[in-house]
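S.K.: Kindly return the folded structure for what I paste below:
(2 chains)
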Amino acid sequence: MNDALLPARLQRNELARGRREAFAGELLTLLAERTERYTMGDSTSVRDETAERLLRGISYCIDLHLRTDGGENAGAQSVRVLYEAGVKDAKRQARHAKLLLKQAEANRPPVENVGFADTLSSLPAFFKRYDAVFFAHEIPCDIDYPLCHAVSEELLGAEYVAEYLRRWNMECAFLRRFGAPLLSLLYERSIGDAGLLVNLYAPVAEAALGRALSGKAVLNLFAGKEDHRRIYERVGCAPEVAARAALCAAAERVCKELGITGGAEQAYLQNTALALLPRLRACAPEAGYEAVFPLRG
Amino acid sequence: MEETRLPEVLRRMEESLSGELRACNALSARFGLTLSEEAMQAVARRRVAALREAGRIEFGKSAVPKLIEAFCDSPYLLQEEYEETLGELTDAFYALKNDSMGEVSDDELIEKMRACYDAYEGGLDAVTGLTLSAILRGRRLDDVEEDGDE
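M.R.: Residues are numbered from 1 along each chain as shown, chains lettered A, B, ... in the order given. Model prediction:
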């Protein structure tokens, strides 16, 4: 029996060989039943792609439940029980994501771009179209707006959307700490056109980190040429350990000044800070720092 | 689109048709049509090939017994060409099913195929040449007729 039939988690799992074969057999039986339900008895056959989608949906639900549940009793439970529990888990994820969407709609940043607005208006369609019973792994809407830290593509379905919106809300909460005129000016200097499909959080977070690295109040966001040189000394040409420590300290300072107390938000900003390291070490301050830490004048 | 990873074992499920065909012989024999064991295996192989050609998978019961049930009382179907005609009908059924994009049920499609087969006095070319638009057009005409009857 081909192990490719088994959900990802069970391919790695130490299922006894006999149970593994029985599991794959149960999975096929369930697939046949789900296919019949999908066609509502109108058709004995489906396209290969449809069967593949249905199998992926079943496997994803089983995998989701094993991850949610810890997967300790995977071998003892029937495929049907695992699948039905997985459908419930997927529906729970969708309900959670819907709450996060409401939060996103209620807490928009002072400045938006086209990609941001389009994605926010597209996301409600996900909840209308999402089919946890047949295709729990799919994301039936357009999500174009890029986050500063992209969600892993290993996450699927409502799980992906929930994580995407969780990060989205963290980014928006950060942006809401700044005024619209300041943000607009910063975008004008850093990305030129806020109508482009670019992330809105990264330029602001990086500018705030730059202010913190040069020992200045972060709310201003803009840097001077002296600041660039100071950042270069502390990060660009410093030993890596010291540079990383400086970036982490800057993230801490930004959090303190902006009143960011949530652990997840702090970790998100720290990741943003550490992601600056290769960029700041790759060029001289005169050559590329202005794109990261825009000058006011 | 990722490459399909449905394993060969699913294909094996498609090959368990012989038992169903044996049961069909009891019905079709009343109209002078039977399939030998060898012919049953040939029809089963033809069905697998037709499914592959159309890019489809069939779980559980096959549509071939439905075809036999629907066509066995046709006056144009003769024992000498029974196996070959069943093969042609099987090919046409899965190809049309594929074209229908889920718009036409098995039963509706088989009904249209049978009507076409009889209308052309057993002309298989007419059946294999059926198009989705012709099937759907027939459906709309049926709807109009039904409305008119009310």
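
S.K.: Spell out which residues make up each domain of chain A.
M.R.: What automatic domain parsing lists as the domains of chain A is A:3-86, A:88-175, A:199-292.

S.K.: Tell me which of those domains lies nearest to residue B:44.
M.R.: domain A:3-86 (14.5 Å; Cβ to Cβ). All C-beta atoms are positioned from the backbone trio N, CA, C, and that covers glycine.

S.K.: How many residues are close by residue A:96?
M.R.: 16 (other Cβ atoms under 10 Å in any protein chain shown).

S.K.: Could you verify my assumption that it touches residue A:161?
M.R.: No. Between residue A:96 and residue A:161 there is no contact under Cβ atoms under 8 Å: 9.4 Å.

S.K.: how about the helices in the chain?
M.R.: No chain was given, so I picked chain A. For chain A, applying DSSP state H gives helices covering A:8-12, A:17-39, A:48-69, A:79-106, A:114-129, A:157-175, A:180-190, A:201-213, A:225-231, A:240-258, A:263-275, A:277-281, A:285-292.

S.K.: you looked at the wrong chain, it should be chain B
M.R.: Counting by DSSP H, chain B has helices at residues B:8-14, B:18-28, B:37-54, B:64-71, B:82-99, B:106-119, B:124-128, B:132-149.

S.K.: do you know which of the domains of chain A lies nearest chain B?
M.R.: Chain B lies closest to domain A:3-86 among these, at 3.6 Å (Cβ to the nearest Cβ).

S.K.: From residue A:100, how far out is the nearest residue to residue A:83 once chain neighbours are set aside?
M.R.: Spatial nearest neighbour of residue A:83, chain neighbours left out: residue A:61 (5.1 Å); criterion: Cβ to Cβ, 6 or more residues apart in numbering or on different chains. Distance from residue A:61 to residue A:100, counting by Cβ to Cβ, to the nearest Å: 21 Å.

S.K.: Of the two, give the one with the bigger neighbour count.
M.R.: Just comparing residue A:61 and residue A:100: by other Cβ under 10 Å the higher neighbour count belongs to residue A:61, 26 against 20.

S.K.: Please name the residues that touch that one.
M.R.: Applying Cβ atoms under 8 Å, 6 or more residues apart in numbering or on different chains to residue A:61 gives the contacts A:82, A:83, A:85, A:86, A:87, A:89, A:90, A:132, A:136.

S.K.: can those residues go into JSON lines with extra columns for pLDDT, neighbour count and distance to residue A:262?
M.R.: Below are the contacts of residue A:61 laid out as JSON lines (pLDDT from 0 to 100; neighbours: other Cβ atoms under 10 Å in any protein chain shown; distance: Cβ to Cβ, whole Å):
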{"residue": "A:82", "pLDDT": "93", "neighbour count": "27", "distance to residue A:262": "34"}
{"residue": "A:83", "pLDDT": "96", "neighbour count": "26", "distance to residue A:262": "35"}
{"residue": "A:85", "pLDDT": "95", "neighbour count": "18", "distance to residue A:262": "31"}
{"residue": "A:86", "pLDDT": "96", "neighbour count": "26", "distance to residue A:262": "30"}
{"residue": "A:87", "pLDDT": "97", "neighbour count": "21", "distance to residue A:262": "32"}
{"residue": "A:89", "pLDDT": "97", "neighbour count": "22", "distance to residue A:262": "25"}
{"residue": "A:90", "pLDDT": "97", "neighbour count": "27", "distance to residue A:262": "27"}
{"residue": "A:132", "pLDDT": "97", "neighbour count": "23", "distance to residue A:262": "29"}
{"residue": "A:136", "pLDDT": "98", "neighbour count": "28", "distance to residue A:262": "29"}
